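Peer 1: Predicted model, plus sequence, below.
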Amino acid sequence: MSNAAATSGPFDSIKRIEDEFQVATYKKMPFSVERGQGCWVWTSNGDKYLDLYGGHAVCATGHSHPHVVKAIKAQADRVLFYSNLVYSDIRGRAAEKLVSVAPEPLSKAFFCNSGTEANENAMRMARMATRRHKIVSFSGGFHGRTADSISATFLGKYRKIGEPNVPHHVEAEFGSIESVRTVIDSETAGVIIEPIQSMAGVREASPDFFAALKTRCDQVGAVLIFDEVQTGIGRTGSWFFAGSEPAAGVVPDIVTLAKALGSGIPVGACLVSDRVSSEIKENDLGTTFGGGMIAMAAVLATLEAIEKDGMIENSREVETYLRSELASISNVKGVSGKGCLLGIEFDGAANEVFSKLLQSKIITGTSSVPNVLRLLPPLCVTKDELSLLVEALKG
Ligand SMILES: Cc1ncc(COP(=O)(O)O)c(C=O)c1O
């Protein structure tokens, strides 16, 4: 991600070992994280960074929130794991809590381990419920890197990486009511959409678009899926984008979740309506690790912490603050997104801004749009912390 010079000291040997023994994934930032608290991380070399990328959009409750840590430790002392082959009190409580914050008619949870896996299962449920094959997804959306999810991803290089793609995936134009009416038809099993397209530069669609999308899916009997891996769990100013004002109140048949759901413990989920869940029978779906006790303790504690600390209200307040501060910065051309998922459009390359901020010890994210920088901070980020970003951008 960054071209900033590597630091010296213990970091050098940490980097050398990881590069030697781990298959390449992302371009890494030039430090190793040793400790985190709230919006801050400390490196092996003793530096302190303000994390406005939230541990890759994961640490919505902040790094190592004490309530989440306590719940995980307590569960670890009881039992680490048993699968869905047995009943578990913590799994039941996590599912009940998640459903209780979800808009109707989402009434049941299916737990898995990641965002891509949640999307795979959502598309499978759509096919099972409709006995059709076709999946419609949108230009610019990102849904993950496993076979079906990457085949539903019409963004940059990803479908190419996923070749050979799964058949019966068709692209519609994000935000276009006309495209929705043309591409979604009576052969369509499911329609999957990232309601705010994060990687595509935090792109939004109009409430009218979401209303027309829902109407069209209902007309042809297609299952509507919101991929809320990034937008869900309070990030965009409400528990979910589903049912919110920017979505015109539209609630899909399935919402998929991951990232923030477990505050960093790997967990994904599908929230499902009765219409779809009633079509799923025993042994249609399965997972060894999904619904494991440690993950469930993390989910329950994450939802409790967000509620108890008023983080959703905070995400709305900090958005208002940041938008007003950014308006006076000359090379900022625009701001998109909601709550703690924001895209800042610059008059110039975002990766240069990213590198400059990293030198000021502030972590942000880039996107597939060269001049858009992304912010995905913990939902507990304060105005004081965000003022450090504003000052760095002015400097
Ligand atoms: C919108 C969206 N969907 C799905 C995924 C895939 O999630 P995971 O990396 O947990 O498989 C991501 C990951 O960035 C995402 O942003």
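Peer 2: Thanks, I have the structure now.

Peer 1: For the closest residue to the ligand within the stretch 151-300 of the chain, give me its contacts.
Peer 2: Proximity of the stretch 151-300 of the chain to the ligand (CB to the nearest ligand atom) peaks at V229, 3.6 Å away. No exception for glycine: its C-beta is placed from N, CA and C like everyone else's. By CB atoms under 8 Å, 6 or more residues apart in numbering, the residues touching V229 are 115, 118-119, 144, 194, 256-259, 268.

Peer 1: for L373, same thing?
Peer 2: L373 touches 343-344, 346, 350, 353-354, 364-367, counting by CB under 8 Å, 6+ apart.

Peer 1: Equivalent analysis for E245, please.
Peer 2: So E245 contacts P207 (CB under 8 Å, 6+ apart).

Peer 1: Over to it: give its phi and psi.
Peer 2: Here is the backbone geometry of E245 (degrees, to the nearest 10): phi -60, psi -50.

Peer 1: quick one: contacts of the helix or strand harbouring A76?
Peer 2: Using DSSP states H and E, A76 maps to helix 66-78. Contact with helix 66-78 is made by 61, 90, 263, 265, 293-294, 296-298, 300-302, 304-305, 308, as judged by CB under 8 Å, 6+ apart.

Peer 1: so where do the strands sit in the stretch 201-350 of the chain?
Peer 2: 223-227, 254-257, 268-273, 332-338, 341-346 (DSSP state E, counting those that start in this stretch).

Peer 1: wait, which of the ones you listed is closest to P30?
Peer 2: Closest to P30 of those, according to CB to CB: strand 341-346, at 22.2 Å.

Peer 1: other SSEs contacting the next helix or strand after the closest one?
Peer 2: The first helix or strand that comes after strand 341-346 along the chain, using DSSP H and E, is helix 350-359. Helices and strands touching helix 350-359, by 3 or more CB pairs under 8 Å, 6 or more residues apart in numbering; DSSP states H and E, are strand 372-375, helix 383-394.

Peer 1: How far away from the center of its chain is the helix holding A76?
Peer 2: 24 Å (CA atoms, centre = their mean, to the nearest Å).

Peer 1: how about it: buried residues?
Peer 2: Using 16 or more other CB atoms under 10 Å as the test for burial, helix 66-78 gives 67-68, 71-72, 75.

Peer 1: for the residues you listed, which one is nearest the ligand?
Peer 2: V68 (18.1 Å).

Peer 1: okay, the closest one: pLDDT?
Peer 2: Listed pLDDT for V68 reads 98.

Peer 1: hang on, A109 in a strand?
Peer 2: Yes - assigned with DSSP: H, G, I helix; E, B strand; the rest coil, A109 falls within a strand.

Peer 1: That one contacts S273, correct?
Peer 2: No - counting by CB atoms under 8 Å, A109 stays clear of S273, with 11.7 Å between them.
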